[in-house]
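In: my questions concern the predicted model and sequence given below.
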Amino acid sequence: DTAVSQTPKYLVTQMGNDKSIKCEQNLGHDTMYWYKQDSKKFLKIMFSYNNKELIINETVPNRFSPKSPDKAHLNLHINSLELGDSAVYFCASSPLGWEKLFFGSGTQLSVL
Amino acid sequence: DAKTTQPPSMDCAEGRAANLPCNHSTISGNEYVYWYRQIHSQGPQYIIHGLKNNETNEMASLIITEDRKSSTLILPHATLRDTAVYYCIVMVNQGGKLIFGQGTELSVKP
């Protein structure tokens, strides 16, 4: 029973394409996140949602659009993919106001 | 924007205690100290956190100095599976915005 699951694990695509990464958590948490880990291994928050409402939106290009159909799911859509989008994307969840985040295993995105 | 300083790497013998230091000299009164780790090719994993007092759980112990300017994460009996990058994060509770620094790459050796 994976607590935070994201699909796909690997995503290889061409520049200019549009792709989505799905995330689901079965922990009953109120808050979900997307983090990005670049090639230098720096982890940085992109978005957070609380009960389907956007809470944190860091300076991320508007080609990235998170969508939360319900509080157990937070998907990440990326339009017009660029080479610099290549990274590992992690989904996470936590109870509201609590910094103990549970992370998924990551999606390695490679843009060619 | 990380407010912490950690050694980039450390080695530890299997079965021995691993003591990972973190300097956070500019910590303010309402900031917590969190520790996460990232095992290769996995997502970060919460380990422990504290405000003033020392804390212990099933994974580790956290020792915070009285002036709160530094802390040490202790893995009492390190195993090969503890090989990972360990991140010390200082922050107020603000909605999950963890700011990861470079962390300490711990290698546990047989």
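Out: Everything's here; your move. Numbering: from 1, shown residues only, chains lettered A, B, ... in the order given.

In: from here on, contacts and neighbour counts on C-alpha atoms
Out: Fine.

In: so what's residue B:82 closest to, chain neighbours aside?
Out: Distances taken as CA to CA, 6 or more residues apart in numbering or on different chains put residue B:108 closest to residue B:82, at 6.7 Å, once the chain neighbours are dropped.

In: what about that neighbour, helix or strand, and which?
Out: For residue B:108, the element it lies in under DSSP states H and E is strand B:104-109.

In: how about that strand as CSV, C-alpha atoms only?
Out: This file holds the C-alpha atoms of strand B:104-109, laid out as CSV (Å, rounded to 0.1, in the frame of the first residue of the first chain):
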residue,chain,number,x,y,z
THR,B,104,25.5,15.7,4.1
GLU,B,105,26.2,12.5,2.1
LEU,B,106,26.6,9.8,4.6
SER,B,107,28.3,6.6,3.5
VAL,B,108,28.0,3.7,5.8
LYS,B,109,30.7,1.2,5.2
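
In: which residues touch it?
Out: B:6-14, B:20, B:78-87 (CA atoms under 8 Å, 6 or more residues apart in numbering or on different chains).

In: pLDDT of that strand, averaged?
Out: Taken as a whole, strand B:104-109 carries a mean pLDDT of 97.

In: over to stretch A:73-90?
Out: Mean predicted lDDT for stretch A:73-90 stands at 96.

In: ok, stretch A:28-41 next?
Out: 91.

In: quick one: the closest residue in space to residue A:28 that isn't next to it in sequence from chain B, how far?
Out: Counting by CA to CA, 6+ apart, residue A:72 is the residue found nearest to residue A:28 once chain neighbours are left out, at 7.0 Å. Separation of residue A:72 from chain B (CA to the nearest CA, to the nearest Å): 16 Å.

In: doesn't residue A:61 make contact with residue A:77?
Out: No - using CA atoms under 8 Å, residue A:77 is not in contact with residue A:61; the gap is 11.7 Å.

In: so for these two, which sits in the more crowded spot?
Out: residue A:77 (15 against 10; other CA atoms under 10 Å in any protein chain shown).

In: check contacts around that one.
Out: Per CA under 8 Å, 6+ apart, neighbours of residue A:77: A:18, A:19, A:20, A:21, A:63, A:64, A:65, A:66, A:67.

In: how many neighbours does the closest residue to residue B:3 other than its chain neighbours have?
Out: Closest residue to residue B:3 apart from its sequence neighbours, by CA to CA, 6+ apart: residue B:24 at 6.2 Å. By other CA under 10 Å, 20 other residues sit near residue B:24.

In: many thanks, we can stop here.
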